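Chemist: Predicted coordinates and the sequence they were generated for:
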Amino acid sequence: MNQPWNHELTLQEPIQKQSQNIKPIDIMVGVLCKNVETTVLNVLNVINEGLYRYFPDYKKAIVVSEGNSTDKTKEVLGLFQPYNSIHKLVTTDITTGGKGVGVMTIFEIAHQAQAKCVVLIDGDLLSIKPGWIQNISNPILYGRADLTVPYYIRDKNDGVITNNLVYPFTRALYGIDIRQPIAGEFALSRNLYEILRNHPLFPPDFGVDIFIVTVAAAEGLKVKESLYSLKIHESTTRYLEPEKFLVPMFRRVTGSMFRLAQYYESFWKNKPRYPHITYYRECFSQKPIPVKININQLIETFRTEFYQNKDTMTSILPQDMIQDIEHIINNPQKFDPELWVEIVYSYAAAYKNADEKQQKSLIESLKPLWIGRFVSYALETKDMDINQAETVLQKQAEVFEEKFNYLISIY
């Protein structure tokens, strides 16, 4: 299911009544759950403690959207008991789908409960602390932002979709320097979640994170970074099996990102451009947990899938770009940001005029090129610390900005 949201779907009547009976809610924490039997009880207990400790005078609720789990998540949810001052609502997702369906379910409950602030938390977080709830929601509660996005301290090989694609693309088009736009956790104002729940492009899957950030930026709402912390996420352990987790996420996120670029074309084409200050701040916080990657396997995937998808690439990219990529195949560390940016922008422009079937093959053919660019980055930064690697990524983002007129010229 990768079509935008069906807005005729509604909550089941019992959960609608339960939501309306607790209104108005000051702060609602929504927990997204699918097959998280080993982690979700700890996540809920920490949220419960955070709400109780930091928001004693607020009306509070914890909402759990259970995504048709096949493990014992449902049974574990039944064990959770919040403090008496905190409402608990547990429901299945409003329909079948992925993460986006869970988010929409929480937004619908928030709408019925007239929630002023909604916090979204994944049910497989291993590193969550009670103070996270306060840190991420305070800018919303104090009226200083409509969306807060965490800045998680991550290994240089973590965030493989964010670093080389989503972050620089979003920064260049929408003018927001939000380092991790698909971080997974958010706090939202009522203004924002009401815009989102009525938006025609609401994705039912992994594309929901970039959807939230892009819509907030393009609709002129205030977006801020908040919650600075290490993040340990159960899904990070799946990086060595990219086909099971990262590749499906890549497809969904990239498709959503390109659709939104088309929808908000007039916004980003006409937005004033301000040069970023080109000094690079240093992070000297705790060291993140290293992420293992199989570089040889990634190189082989890049080579094999390039030739499998070459016909599609040839219909999208100029011949000189195809030749450049062929030269890189046996020397992947030469896949430089300048070429990568022109590839991404060419694909964004091609996506605009493609039908649904073409869009699917387009994203599929971009995948090996994304892997190839990650391989080049990983080889370049192999002996670097996180600050040196971050400088490489910041310079790449600057190339996305510098070549922005190239996108305008072909879009």
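Modeler: Yep, that arrived.
Chemist: which stretches of the stretch 201-350 of the chain form strands?
Modeler: Using DSSP state E, counting those that start in this stretch, the strands of the stretch 201-350 of the chain run over 223-230.
Chemist: where along it do the helices fall?
Modeler: Under the criterion DSSP state H, counting those that start in this stretch, helices of the stretch 201-350 of the chain are mapped to 208-218, 246-263, 265-270, 295-308, 310-316, 319-328, 337-352.
Chemist: now for the longest one, which elements pack on it?
Modeler: Contact partners of helix 246-263 among helices and strands, from 3 or more Cβ pairs under 8 Å, 6 or more residues apart in numbering; DSSP states H and E: helix 160-161, helix 167-174, helix 208-218, helix 337-352, helix 356-380. No exception for glycine: its C-beta is placed from N, CA and C like everyone else's.
Chemist: Please apply the same query to the fifth one.
Modeler: If you count contacts as 3+ Cβ pairs under 8 Å, 6+ apart, helix 310-316 packs onto helix 319-328, helix 337-352, helix 356-380.
Chemist: now the closest residue in space to residue 261 that isn't next to it in sequence: how far from residue 133?
Modeler: Spatial nearest neighbour of residue 261, excluding adjacent residues (Cβ to Cβ, 6 or more residues apart in numbering): residue 348 at 5.6 Å. According to Cβ to Cβ, to the nearest Å, residue 348 and residue 133 sit 36 Å apart.
Chemist: So these two - more neighbours on which side?
Modeler: Counted by other Cβ atoms under 10 Å, residue 348 and residue 133 do not tie: residue 133 has more neighbours, with 27 against 21.
Chemist: which non-adjacent residue is nearest the residue positioned nearest the centre of the chain?
Modeler: Geometric centre of the chain, nearest residue: residue 182, 1.9 Å, by Cα atoms, centre = their mean. Using Cβ to Cβ, 6+ apart and skipping the chain neighbours, the partner closest in space to residue 182 is residue 209 (3.9 Å).
Chemist: That neighbour contacts residue 253, correct?
Modeler: Yes - using Cβ atoms under 8 Å, residue 209 makes contact with residue 253 at a distance of 7.3 Å.
Chemist: Same drill for those two, tell me which one is more crowded.
Modeler: residue 209 (28 against 25).
Chemist: Now do the contacts for the more buried one.
Modeler: Each residue near residue 209 by Cβ atoms under 8 Å, 6 or more residues apart in numbering is listed here: 99, 181-184, 186, 253.
Chemist: closest to residue 409 out of the helices and strands packed on helix 246-263?
Modeler: Among these, the nearest to residue 409 by Cβ to Cβ is helix 337-352 (9.2 Å).
Chemist: Could you list the buried residues of that closest one?
Modeler: 337, 339-351 (16 or more other Cβ atoms under 10 Å).
Chemist: Alpha carbons only: can I get stretch 148-164 in PDB?
Modeler: The C-alpha trace of stretch 148-164 is given here as PDB (Å, rounded to 0.1, in the frame of the first residue of the first chain):
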ATOM      1  CA  THR A 148      10.200  19.600  16.800                       C
ATOM      2  CA  VAL A 149      12.600  17.000  15.400                       C
ATOM      3  CA  PRO A 150      15.300  15.200  17.400                       C
ATOM      4  CA  TYR A 151      19.000  15.600  16.700                       C
ATOM      5  CA  TYR A 152      20.300  12.100  17.500                       C
ATOM      6  CA  ILE A 153      24.000  11.500  17.800                       C
ATOM      7  CA  ARG A 154      24.600   8.700  15.300                       C
ATOM      8  CA  ASP A 155      27.500   6.800  13.900                       C
ATOM      9  CA  LYS A 156      28.900   8.100  10.600                       C
ATOM     10  CA  ASN A 157      27.500   5.000   8.800                       C
ATOM     11  CA  ASP A 158      24.100   5.300  10.400                       C
ATOM     12  CA  GLY A 159      21.300   7.300   8.700                       C
ATOM     13  CA  VAL A 160      22.200   6.000   5.200                       C
ATOM     14  CA  ILE A 161      19.000   7.300   3.600                       C
ATOM     15  CA  THR A 162      19.200  10.600   5.500                       C
ATOM     16  CA  ASN A 163      22.800  11.600   5.000                       C
ATOM     17  CA  ASN A 164      23.200  11.300   1.300                       C
END
